[in-house]
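> quick one, fold the following:
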Amino acid sequence: MTVYNFNLLLGFEANGVDVAQAHRLQLFRSLDLDTRFVFTRWPNSDQLDYFLSKGYDYEELLFAQLLFTDQQSAAPTLSPHELEEQLGLKTSQIIHETPSGRTYQLNEGELLVFVYDKKDFSKVQFIEYFSGGYLLKRETYAATKLVTDYFILNYQNGHVLAELGRRVYHNLDGSVGLEEILVNGKQRYLLHNEKLITHAELMEIFVKKLQLKANDIVIMDRASNMDFARPLLEQESGARLGLVFHSEHTFGNQPFSYEYYYPVKYAHRFDFMIVSTDLQAKVLKESFEKEGKEAPRIYVIPVGSLKQLHYSEQDRKTTKVMTASRLIYSKRVDLAIRAVALAHEKGGDIEFSIFGRGIEYDSLENLIQELGAQEYVHLMGYADLTAQYLNHSIYLTTSLSETFGLTLMEATGAGLAMVGFDLRYGNPSFIKDGFNGYLVSFEDKSDQERVEEIAHILLKMTSQDLSSYQEASYHLASSYLEENILDLWREFFSNESSISFQE
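Below you'll find the model as predicted:
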């Protein structure tokens, strides 16, 4: 049995789905499962490095385009010395060398750059060729040359940009297995038989080349606007097919948003669906009922887990409040800042730390200055949150949408008292009103009323002993310890496959 995970998405800002997938990888390793996470488009070096930094090994990655060659692994295996020999560079001058790479001077104005694999600096990941300071070609290496990128120079507004014009995927003998080209600005693939196809057509062939078996499992993390969705839904291998819900599936009064059009239309094609909370499982069943459709099997398996609970060795100051998130509008960190400022006006001695970055950073910085709150509201950027949780007593979230909320889970696992809006699904899962914190009413309230209620709660909490809240958070978080989540996956695989786990 192999578990295929579709897909590792490229071209977008780092997000919670990336984190959830990397966490799933770690759990599947613990269960000793054969699993592959699929790139349906070829990643550039920065994109590949990003996913490798999340903990993936090369052999756990499946590159769709490589199935059109006789090379399957992208793991670099060649040393600088070996490639120097192959390329006849022994007499070329090395003009620059660092632990991460080496630059050779070729002819006048021409440079060749070795870039080493970040997981193993003794191996070359790719080679770049420059002429006159411009990138002309990049060769990616594994056991041999794997992919060649050819760049064209684009002159725009007085600047010269190197843009990808053609990509070649090589066989072991160096011959061409697949070409990727631009035709009238659109991505096309040229097969060995000279047939020109679209990416959607490539995905149809790729899914067939996977040769899925009846005991395989395919987990989709995305369905809409994905070229791989239709071929997977229409394949007849008998492999179990399912979808993980990473976001709110309803839209207003509608049972499903456009994002989940495919899962609704092809509900009969899915064997299972996975959500992170009991509440979303309940709402999802109700949504299918409203559509007059039978829901597939629904599993509740959180997208995150805790290796352990974290305890502070020192007493925490009850006035230290924190939040952590991408700084984007939907997180509404502006409301949190206004609430803290209002509490401060009313005599509260609160210090508020905001961790994370995003497009709202500058506007939030301006808001802090506008409110004169620089002394007690701090934008902290990125930091090791494990240590920061233990330096704070209260976690405040003003996010408008948390399907799960990894930072909420981590905060409870560090014993913080919790405050957030009464909005599904993450907040009610991690904030039990009156026990480990407070849920702030949201519906039919103005932003000012919400700010005032948060300020009132903060004034109340920062002036009292929070030990009972902390104990309640630890108790709640214990359900998310890794072994408990592994048990949920064991139950899932016992139901969906013939695999059995030894105790």
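> residues in contact with Q280?
F245, H249, T403, R424, Y425 (CB atoms under 8 Å, 6 or more residues apart in numbering). Every C-beta, even on glycine, is put in place using the N, C-alpha and C of the backbone.
> if you skip the residues just before and after it, what's nearest to the fourth one?
Going back to what we said before, that points to R424. If the residues on either side of it in the chain are set aside, R424 comes closest to L279, at 5.5 Å by CB to CB, 6 or more residues apart in numbering.
> OK, contacts around that neighbour?
Going by CB under 8 Å, 6+ apart, the list of residues near L279 reads R424, Y425, P428, S429.
> then L423?
L423 sits in contact with S399, L400, S401, E402, F442, where contact means CB under 8 Å, 6+ apart.
> the last one against V451, yeah?
The one in question is F442. No - counting by CB atoms under 8 Å, F442 stays clear of V451, with 11.9 Å between them.
> which one of these two has more residues nearby?
V451 (23 against 16; other CB atoms under 10 Å).
> quick one: terminal-to-terminal distance for stretch 312-326?
26 Å (CA to CA, to the nearest Å).
> can you give me how far it is from the chain middle?
26 Å (CA atoms, centre = their mean, to the nearest Å).
> just the buried residues of it, please?
R316, T318, T319, K320, V321, M322, T323, A324, S325, R326 (16 or more other CB atoms under 10 Å).
> give me the phi and psi for the fifth one.
Dihedral angles phi and psi of V321 (degrees, to the nearest 10) take the values phi -120, psi 140.
> before we move on, the earlier item: Produce a PyMOL select command limited to the buried residues of the contacts of L423.
Here is the PyMOL command that selects the buried residues among the contacts of L423 (16+ other CB under 10 Å):
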select buried, resi 399+401+402+442
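> may I see the contacts of L423 arranged in TSV, with secondary structure, distance to E234 and pLDDT as well?
Output for the contacts of L423, formatted as TSV (DSSP: H, G, I helix; E, B strand; the rest coil; distance: CB to CB, whole Å; pLDDT from 0 to 100):
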residue	secondary structure	distance to E234	pLDDT
S399	coil	37	96
L400	coil	36	93
S401	coil	32	87
E402	strand	34	89
F442	coil	41	95
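> and the contacts of L423, which two are the farthest apart?
Longest distance between any two of the contacts of L423 is 12.6 Å, between E402 and F442; criterion CB to CB.
> secondary structure class for the residue sitting furthest away from the middle of the chain?
Within the chain, the residue lying farthest from the chain centre (CA atoms, centre = their mean) is T91, at 44.7 Å. Classification of T91 using DSSP: H, G, I helix; E, B strand; the rest coil returns coil.
> got a list of contacts for the worst-scoring helix or strand of the chain on mean pLDDT?
Sorting the helices and strands of the chain by mean pLDDT, DSSP states H and E puts helix 261-265 at the bottom, at a mean of 82. Helix 261-265 is contacted from outside by A223, S224, A229, R230, L233, L243, F256, F270, M273, F288, E291, K293, using CB under 8 Å, 6+ apart.
> can you do 6 Å?
With CB atoms under 6 Å, 6 or more residues apart in numbering as the test, helix 261-265 has contacts from A223, S224, A229, L243, F256, E291.
> now list the buried members of the residues you listed.
Buried among the contacts of helix 261-265 by 16+ other CB under 10 Å: A223, A229, L243, F256.
> surely the third one is within a strand?
When you say that, I think you mean L243. Yes - counting by three-state DSSP, L243 is found in a strand.
> for it, give me its contacts.
M220, A223, P263, M273.
> A143 versus D173, what's the distance?
Distance of D173 to A143, computed by CB to CB, to the nearest Å: 12 Å.
> what about K90, how many residues close to it?
Count around K90 with other CB under 10 Å applied: 8.
> what's the pLDDT at the spatially closest residue to it that is not a sequence neighbour?
Leaving aside its sequence neighbours, K90 sits nearest to E84 (CB to CB, 6+ apart; 6.2 Å). Looking at E84, its pLDDT is 97.
> same thing with Q502?
64.
> in the stretch 101-250 of the chain, which spans are strands?
101-105, 110-117, 120-131, 134-141, 145-156, 159-170, 176-183, 186-190, 196-197, 217-220, 240-244 (DSSP state E, counting those that start in this stretch).
> with distance to K331 added, can I get these in TSV?
Formatted as TSV, these follow (distance: least, CB to CB, whole Å):
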stretch	distance to K331
strand 101-105	38
strand 110-117	36
strand 120-131	35
strand 134-141	37
strand 145-156	35
strand 159-170	33
strand 176-183	37
strand 186-190	34
strand 196-197	41
strand 217-220	26
strand 240-244	22
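> Serialize those to a markdown table and add fields for distance to D349 and mean pLDDT.
Shown next, in a markdown table, are the strands of the stretch 101-250 of the chain (distance: least, CB to CB, whole Å; pLDDT from 0 to 100):
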| stretch | distance to D349 | mean pLDDT |
| --- | --- | --- |
| strand 101-105 | 51 | 97 |
| strand 110-117 | 51 | 97 |
| strand 120-131 | 50 | 97 |
| strand 134-141 | 55 | 97 |
| strand 145-156 | 54 | 92 |
| strand 159-170 | 52 | 91 |
| strand 176-183 | 60 | 93 |
| strand 186-190 | 57 | 93 |
| strand 196-197 | 65 | 96 |
| strand 217-220 | 48 | 98 |
| strand 240-244 | 43 | 96 |
